[in-house]
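Starting from these lines, generate the structure:
(6 chains)
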4 protein chains.
Amino acid sequence: MTTPPNNRDEKTLYASEGAQNILLAAEKLFALQGFSSVSISSIAQTAGVSKANIFHHFENKEALYLAVLSNASCRMSALLAELDSGEGNASEQIARYTQQHLKNLFNQSNITKLILRQVQTENREDSPKVAHDVLGENFTRFVSILEKFQEKGELRQDIDPAMIATLLVGSNVFYFQIQSVLDRFPEMQFAENPENYSALLTDIVLNGILDKP
Amino acid sequence: MTTPPNNRDEKTLYASEGAQNILLAAEKLFALQGFSSVSISSIAQTAGVSKANIFHHFENKEALYLAVLSNASCRMSALLAELDSGEGNASEQIARYTQQHLKNLFNQSNITKLILRQVQTENREDSPKVAHDVLGENFTRFVSILEKFQEKGELRQDIDPAMIATLLVGSNVFYFQIQSVLDRFPEMQFAENPENYSALLTDIVLNGILDKP
Amino acid sequence: MTTPPNNRDEKTLYASEGAQNILLAAEKLFALQGFSSVSISSIAQTAGVSKANIFHHFENKEALYLAVLSNASCRMSALLAELDSGEGNASEQIARYTQQHLKNLFNQSNITKLILRQVQTENREDSPKVAHDVLGENFTRFVSILEKFQEKGELRQDIDPAMIATLLVGSNVFYFQIQSVLDRFPEMQFAENPENYSALLTDIVLNGILDKP
Amino acid sequence: MTTPPNNRDEKTLYASEGAQNILLAAEKLFALQGFSSVSISSIAQTAGVSKANIFHHFENKEALYLAVLSNASCRMSALLAELDSGEGNASEQIARYTQQHLKNLFNQSNITKLILRQVQTENREDSPKVAHDVLGENFTRFVSILEKFQEKGELRQDIDPAMIATLLVGSNVFYFQIQSVLDRFPEMQFAENPENYSALLTDIVLNGILDKP
DNA sequence: CATGAATGAGGTTTCATTCAT
DNA sequence: TATGAATGAAACCTCATTCAT
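Coordinates of the predicted model:
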C-alpha cells in the first residue's frame, strides 16, 4: 500500500506514478458522477491499470475517495491562499478577489464539483472534515481582509464582514453550479462569461441596486 | 401499473396509498443520497412494501426517480407561485420575496436537495428538464417583477434584473447548501437563522456595502 | 429471505424447495471440503440454482454455513435420541449402544464430518454452540444410562461414568476419522467393518485386556 | 529459491532465517485455520516478511504447506520415537506410553492439529502421504511392543494388538480434539488434566469396567 | 394490488502469483 | 536475499428486474 502523507515531504506523496494516475482518474470520475455511480472498473480503465492495482494502492473504494478529496482539497487550498489582497482600495481589492475566486472555481472545476458534492451529501458522524478545512481556511482569510477595510472606514460598520464574504463566495459558487444548465435559460445569459459576472456581482455588492441620485 | 399522469386529472395521480408511500420514501432517500446510492431494496424497506411492488407501480428505477422529481417539482412550483409580489415599494417587496424564498427552500428541503443534485449532475442528453421548468418559471416571474420596479425608476437602470435575481436566489441557495456544515464554522454564524440571513442579504443588495456618508 | 425456524412447525422449516436444495448441496460440500474451500459458485452449481438465489435465501456465506450446521445437528440429535437403552444387562446395552452409535456416524457421515470440523476449528467467541448442544445432549443421556448400571452394581464403582462414555464415543469417532486413510495401514485392518470394530471395542472396555485366568 | 530437502543433510534444511520464520508462521496459521482459510498475505504478515519473499523461498502455496507438514511430521516422529518402552510389566509400560503420547499431542498441538486436519480432509489423489508416514511408523512400533507382551502371556490372546493400540491412541486423540469445547461440558471434566485422563483410560483398558468381585 | 422466488449482470474485494529492481 | 508494483482469476455479494401466484 502506498505510504500515506506522513513520513515524506509533500512533493513525494503518492509519488508512485501508478497511484497518481489512479488518483487523477478517480478525481475526474468522482467529480463528474459522484461516489456510487463510479465503479472501480471504470476508474481502472480510465487510469489504465488493473482493478487489483487500485486495491494495491488504496485500501478500498472509500479510502480512494477520501484520498482524492484530500488531495484535491490541498490543491484548492493552495490556490485560495494565493489570492493576494495586494494593493488598492476596498473596491479594487474586493473586485479582484471575487474575480480570481470565480476563476479558480472554473479552472479547478473537478475539485469544485467534488467539494460541492461533499457538502451537499448528508454528512454522517465519520464523514471527512475536508470541506471544513478547505472552505474554512479560505473563508477566514477573506473575512479578515474585509475586517481591515471596515476598520479603515471604507466599509459600512453595521455589516458583519462574514456576511459580505458569504454573499460574494455564495454568488460565485451558485454561478458555477448553474453553468451546466445555464444555456437553457435565455434570461440568465446577461453575463456572457465569468469575468463579466463577477464584475456585475461586485458592482451590486459594493453599491447596492437602489436608484440613489 | 398505476396509470401515468396523462389521462387523469392531477388530483388522482398516484392516488393509491401504496404508490404514495413509495414516492415519499424514494423522495427522502434520493434527496439524501442521490440516485445511484439508493437501492430499490432500501426504498422498499423504507416504504414498507416489497421490491416487486415498486415495479408494480413504476416501470423502473429511473421512472420512479422521474416521478419523484416531477412530483416534487410540482409542489415546489406551487410554493413559488404563491410568492406574492403583493404591495409595497421595491425594497419591501424584494425583501419579502427573498425571505419567503429562503423559507421555502428550508420547508421543502428534500425537494430542494433533489433539484440541486439534479442541477449538479452532469446533464446528459436524456436528463430530465425538470430543473429548467421549476427554476425557470419562478425565475422569470421574479425577473419580471424587478423589471417593473426598474421601469418605475426605483432600481438602477444599468443593471440587468436577471443579475439581481440571480444574486438573491443564489445567495439563498448557497446559505441552504452550507447549512449542514455551518455549525462547524464559528465565523459564519452571524446569521442565527434563515430569516435573519435574508434580511442581511437584502440590505446589502439594496444598499451596497460601501461607506457612503 | 426464507423465514428462520421460529414461527412455523419444524416440518416446514426452510420448506421452500429451493432453500432445501441449497442446504443439502452446501452440507455435502462443506462436509467434504470445509468452509473456505467451498465457493458459493460451487454450491449454486451443485444445488442447480443461481448464485444470487443463494443470497436470496441466506444472508451470506456464513449464515448459510450456520444453517447447514444447525440443520445437520438437529438431524443428528434426533438420531442419537433414538438410541434406545432398551432391555438387557449392562454388557448387552452398552454393546448395542456403541454399535448403533458408530453406525449413525457412518450413516450420517456428512453431518459427522461437519461437526468434527467444527470442533476442530479454533472456536472464537461468537462461534456457534451447535456442537455443544448436539454432543452434550447425547453425551448426558448416555452417561445417565451408565450411572444406573453403576447403581445396580453391574459396573465398577470407582469409575466416573463420563469417562466410560468418553472412551466409547471417542474410540468410535476416531475409527470414523481414520477410515479415509485406513486402507493404507495394513496393521489396522483387524476390524473389517464398523460392526466388528465396535464389538471388539466393547469387549475390551467391558473386560480389559489383561490376561486374568 | 531455497534448495529443497534433497541434496543436503537434514540439519541445514531451510536453514535461512527468513525461510524458518515463514515456516513457523505458516505452521501456526495452517494448524489453526486450515489450508484454504490462510492467505499468503496473512502468513507474510505473521512472519514479518513480504508476500513476494514467500514465493522466493517456496514455489507456491501448496509447496509451502507440504514443507510445513513435512517439517512438522519430522518433529512429531522424533518425539514419538523417543517414547521408550523402557522397563516394567505390561501395565506399567502401557500406562507410561499412553501418558507420554497424550503429553506429546498437547506439547506439539500445532503439529497435532495439522495432521488431524490432514487426515480429516478428503484425501485426493495427490494429497501427501505424510499422515501415513508419521502415524504409521509410530503405530507399528507400539503394536510390536504390545505383541511382545501378548507373547509373554501378559495380555489376552484373543485380541489383536492393533485394536488395543487404536483404542488407546484414539481415546487420546479424541480427548485432545474436544479440549477446545471441553470447558463447556460440565460432565466431562472428570479428568482435570491430561495426565489424569490417560491414567483413567489405561485403568479401564487394562481391567475393563465390569464389576467382577 | 401485492409478494416471494429467482436470476444475469455487474459491483467491490481478495487471492496467488510474477517481475523488475 | 528481499520487496513494491502489478495483475488475471475468482471470490463474495448487490442490484435492478421478471414472473408465477
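
What degree of burial does A:Ser42 show, as a neighbour count?
14 (other CB atoms under 10 Å in any protein chain shown). C-beta here means a position set from N, CA and C on the backbone, and glycine is covered the same way.

Where does it sit, in terms of helix or strand?
helix A:40-47 (DSSP states H and E).

Any idea how far that helix is from the middle of the chain?
When distances are taken as CA atoms, centre = their mean, to the nearest Å, helix A:40-47 is centred 24 Å away from the chain's centroid.

Stretch A:192-208 near chain B anywhere?
Yes: for stretch A:192-208 and chain B, the contact criterion (CB under 8 Å from any CB of the partner chain) is met by A:200-201, A:203-208.

still on that earlier bit, right, is the helix holding A:Ser42 up against DNA strand E?
Yes: with CB under 7 Å from any atom of the strand as the criterion, DNA strand E is reached by helix A:40-47 at A:40-42.

how close does the closest residue to chain D within chain A get to chain B?
The minimum distance from chain A to chain D, using CB to the nearest CB, falls at A:His56 (10.9 Å). To chain B, A:His56 is 26 Å away according to CB to the nearest CB, to the nearest Å.

Would you confirm that A:Val181 contacts B:Thr121?
No: counting by CB atoms under 8 Å, A:Val181 does not reach B:Thr121; the two are 10.3 Å apart.

Tell me the residues that contact both of those two, please.
Contact with both A:Val181 and B:Thr121 is made by no residue, according to CB atoms under 8 Å, 6 or more residues apart in numbering or on different chains.

Next secondary structure after the lowest-mean-pLDDT helix or strand in chain A?
In chain A, no helix or strand scores lower on mean pLDDT, DSSP states H and E than helix A:130-152, which sits at a mean of 81. Next along the chain after helix A:130-152, taking DSSP H and E as the criterion, comes helix A:161-182.

Run through the neighbouring helices and strands of that following helix.
Secondary-structure packing of helix A:161-182 (3 or more CB pairs under 8 Å, 6 or more residues apart in numbering or on different chains; DSSP states H and E): helix A:90-107, helix A:109-120, helix A:130-152, helix A:194-207, helix B:109-120, helix B:130-152, helix B:161-182, helix B:194-207.

Counting by contacts, list what the fourth one packs against.
It refers to helix A:194-207. Short answer (3+ CB pairs under 8 Å, 6+ apart): helix A:194-207 packs on helix A:90-107, helix A:161-182, helix B:161-182, helix B:194-207.

Buried residues, it. List them.
Buried positions in helix A:194-207, judged by neighbour count with 16 or more other CB atoms under 10 Å in any protein chain shown: A:194, A:197-198, A:200-207.

quick one: which of these is nearest A:Leu32?
Relative to A:Leu32, the closest of those is A:Pro194; by CB to CB it sits at 20.0 Å.

Next, format the helices and strands packed on helix A:194-207 as CSV and append distance to B:Thr112 and mean pLDDT.
Formatted as CSV, these follow (distance: least, CB to CB, whole Å; pLDDT from 0 to 100):
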stretch, distance to B:Thr112, mean pLDDT
helix A:90-107, 21, 91
helix A:161-182, 13, 91
helix B:161-182, 6, 90
helix B:194-207, 12, 92
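
what's the closest of these to B:Ala31?
Using CB to CB, those put helix B:161-182 closest to B:Ala31, at 12.3 Å.

now could you export just the CA positions of that closest one as PDB?
C-alpha atoms of helix B:161-182 as PDB (Å, rounded to 0.1, in the frame of the first residue of the first chain):
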ATOM      1  CA  PRO B 161     -32.700  42.500 -13.400                       C
ATOM      2  CA  ALA B 162     -31.800  38.900 -14.100                       C
ATOM      3  CA  MET B 163     -28.500  39.600 -12.400                       C
ATOM      4  CA  ILE B 164     -30.200  40.900  -9.300                       C
ATOM      5  CA  ALA B 165     -32.500  37.800  -9.200                       C
ATOM      6  CA  THR B 166     -29.500  35.500  -9.600                       C
ATOM      7  CA  LEU B 167     -27.700  37.200  -6.800                       C
ATOM      8  CA  LEU B 168     -30.600  36.900  -4.400                       C
ATOM      9  CA  VAL B 169     -31.600  33.400  -5.300                       C
ATOM     10  CA  GLY B 170     -28.000  32.200  -5.500                       C
ATOM     11  CA  SER B 171     -27.200  33.600  -2.000                       C
ATOM     12  CA  ASN B 172     -30.200  31.900  -0.600                       C
ATOM     13  CA  VAL B 173     -29.400  28.600  -2.200                       C
ATOM     14  CA  PHE B 174     -25.800  28.800  -1.000                       C
ATOM     15  CA  TYR B 175     -26.900  29.500   2.500                       C
ATOM     16  CA  PHE B 176     -29.200  26.400   2.300                       C
ATOM     17  CA  GLN B 177     -26.400  24.300   1.000                       C
ATOM     18  CA  ILE B 178     -23.900  25.100   3.700                       C
ATOM     19  CA  GLN B 179     -26.400  24.700   6.500                       C
ATOM     20  CA  SER B 180     -25.200  21.100   7.100                       C
ATOM     21  CA  VAL B 181     -21.600  22.100   7.700                       C
ATOM     22  CA  LEU B 182     -22.400  25.600   9.100                       C
END
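
buried stuff in it?
Under 16+ other CB under 10 Å, the buried positions of helix B:161-182 are B:161-178, B:180-181.

quick one on the thing from earlier: mind checking the helices and strands packed on helix A:194-207 for the one nearest to C:Lys28?
The nearest among the helices and strands packed on helix A:194-207, by CB to CB, is helix B:161-182 at 52.9 Å.

Tell me the spacing between the residue nearest the centre of chain A and A:Gln177.
The centre of chain A sits closest to A:Thr112, judged by CA atoms, centre = their mean, with a distance of 3.9 Å. Distance, A:Thr112 to A:Gln177, using CB to CB, to the nearest Å: 9 Å.

Would you format the helices and strands packed on helix A:161-182 as JSON lines with distance to DNA strand F included?
Formatted as JSON lines, these follow (distance: least, CB to the nearest atom of the strand, whole Å):
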{"stretch": "helix A:90-107", "distance to DNA strand F": "29"}
{"stretch": "helix A:109-120", "distance to DNA strand F": "19"}
{"stretch": "helix A:130-152", "distance to DNA strand F": "24"}
{"stretch": "helix A:194-207", "distance to DNA strand F": "37"}
{"stretch": "helix B:109-120", "distance to DNA strand F": "16"}
{"stretch": "helix B:130-152", "distance to DNA strand F": "19"}
{"stretch": "helix B:161-182", "distance to DNA strand F": "23"}
{"stretch": "helix B:194-207", "distance to DNA strand F": "34"}
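
wait, which of these is closest to D:Phe149?
helix A:130-152 (79.6 Å).

Which other helices and strands does that closest one contact?
helix A:61-81, helix A:90-107, helix A:109-120, helix A:161-182, helix B:161-182.

rerun that using 6 Å as the cut-off
Judged by 3 or more CB pairs under 6 Å, 6 or more residues apart in numbering or on different chains; DSSP states H and E, helix A:130-152 is in contact with helix A:61-81, helix A:109-120, helix A:161-182.
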